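Asks: Let me see the structure of the following:
(one chain, ligands or ions: 2)
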Amino acid sequence: MVLQQSPDNSTIAGVSLDVTGAYRTFDGNVKAVEDVSFSVPPGQFLSLLGPSGCGKSTLLRLIAGLDHLTAGSIQVAGRPSADLPKRSGIAFVFQDAHLLPWRNVLRNVELPLELLGIGRPQRRELARQAIEEVGLSDAITRYPLQLSGGMRMRVSLARALVTRPRLLLLDEPFAALDEMTRHRLDEQLLGLWQNSGMTVVFVTHSILEAAFLSQRAIVFSRRPARVIADIPINLGRDRAAELRTDPRLLHVMQEIQHALRAGGGEEGDEHA
Ligand SMILES: Nc1ncnc2c1ncn2[C@@H]1O[C@H](COP(=O)(O)OP(=O)(O)OP(=O)(O)O)[C@@H](O)[C@H]1O
Ligand SMILES: [Mg+2]
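Replies: Ligands and ions are numbered 1, 2, ... in the order given. Next comes the predicted model:
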């Protein structure tokens, strides 16, 4: 496992994540998450799947400490995620790139470092590095409106990676992109994960994407989200585009599909 350098140059790697008996009920009694438990070892790439509206984004927000649990606990590196300080090493990538239109690529990627109070020379250097990692060095001075949807998501990914997160949370990051672009970004994400020690939790509706990318897939039921299946994906760390047509991958996809059906969702999922 290749270790990463954090902005303050200490060596870091992925962290563990422990979700224990997690519940989230919203006002008006909307149960979104019900008795969910799972543990993720440091450095694992985990995908979460489940029917639309079942509670996946809610769970991801709880893990990030952006929302509070109704009951249970979520620990990141053995500490409650809600109590983690600002420099907690968790980064979040949303479905929309959420870029600031008045800032160019470099200055969008610099933003999290600015919020951490890191000085300009170091900030610039780290941002340039992250932009290079997502293959966008040529577009560094462009503004979001001058970028394609795929490029905007790569900026969003660079902005998440620039803090060298130990836990990367992604909520359907490539869902709005065409299939070829999504495949390219999946491969890029895989490379970034392979070259780092970070733990990744990836929410997707695409069974192919989950099987191709992850070492493990957890399938949730219809709302409220409960764990229906926890599927190990033993296809190694080094994966290439050809894996998408490998019978072993198709077998994993069938297993996920089966669990989704058992949970009462995603029948005939267009992304499947
Ligand atoms: N802040 C909130 N207040 C009230 N209800 C909420 C809130 N956030 C989410 N919900 C409800 O919780 C349920 C789960 O929503 P969530 O966004 O977690 O689903 P999801 O699995 O991410 O769906 P999708 O696959 O469509 O993105 C939904 O019924 C939603 O309306
Ligand atoms: Mg969602």
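Asks: Show me where this structure has its helices.
Replies: Along the chain, the segments classed as helices by DSSP state H run 56-64, 105-115, 120-133, 149-161, 179-194, 207-213, 247-262.
Asks: Export those helices as a markdown table, with columns for mean pLDDT, mean neighbour count and distance to ligand 1.
Replies: For the C-beta atoms, the positions are set from N, CA and C on the backbone; glycine is no exception. What follows is these, written out as a markdown table (pLDDT from 0 to 100; neighbours: other Cβ atoms under 10 Å; distance: least, Cβ to the nearest ligand atom, whole Å):
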| stretch | mean pLDDT | mean neighbour count | distance to ligand 1 |
| --- | --- | --- | --- |
| helix 56-64 | 95 | 22 | 3 |
| helix 105-115 | 96 | 21 | 24 |
| helix 120-133 | 96 | 17 | 27 |
| helix 149-161 | 94 | 23 | 17 |
| helix 179-194 | 92 | 18 | 16 |
| helix 207-213 | 96 | 24 | 13 |
| helix 247-262 | 95 | 17 | 12 |
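Asks: now those in JSON lines, with distance to residue 139?
Replies: Output for the helices of the chain, formatted as JSON lines (distance: least, Cβ to Cβ, whole Å):
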{"stretch": "helix 56-64", "distance to residue 139": "28"}
{"stretch": "helix 105-115", "distance to residue 139": "5"}
{"stretch": "helix 120-133", "distance to residue 139": "8"}
{"stretch": "helix 149-161", "distance to residue 139": "6"}
{"stretch": "helix 179-194", "distance to residue 139": "15"}
{"stretch": "helix 207-213", "distance to residue 139": "25"}
{"stretch": "helix 247-262", "distance to residue 139": "32"}
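Asks: So which of these is nearest residue 23?
Replies: Residue 23 lies closest, by Cβ to Cβ, to one member of the helices of the chain: helix 56-64, at 9.8 Å.
Asks: so which residue of the stretch 101-250 of the chain comes closest to ligand 1?
Replies: residue 223 (5.4 Å; Cβ to the nearest ligand atom).
Asks: okay, which residue is most central for the chain?
Replies: residue 170 (2.3 Å; Cα atoms, centre = their mean).
Asks: hang on, it packs against residue 201?
Replies: Yes. Here residue 170 reaches residue 201: they are 7.3 Å apart, a contact under Cβ atoms under 8 Å.
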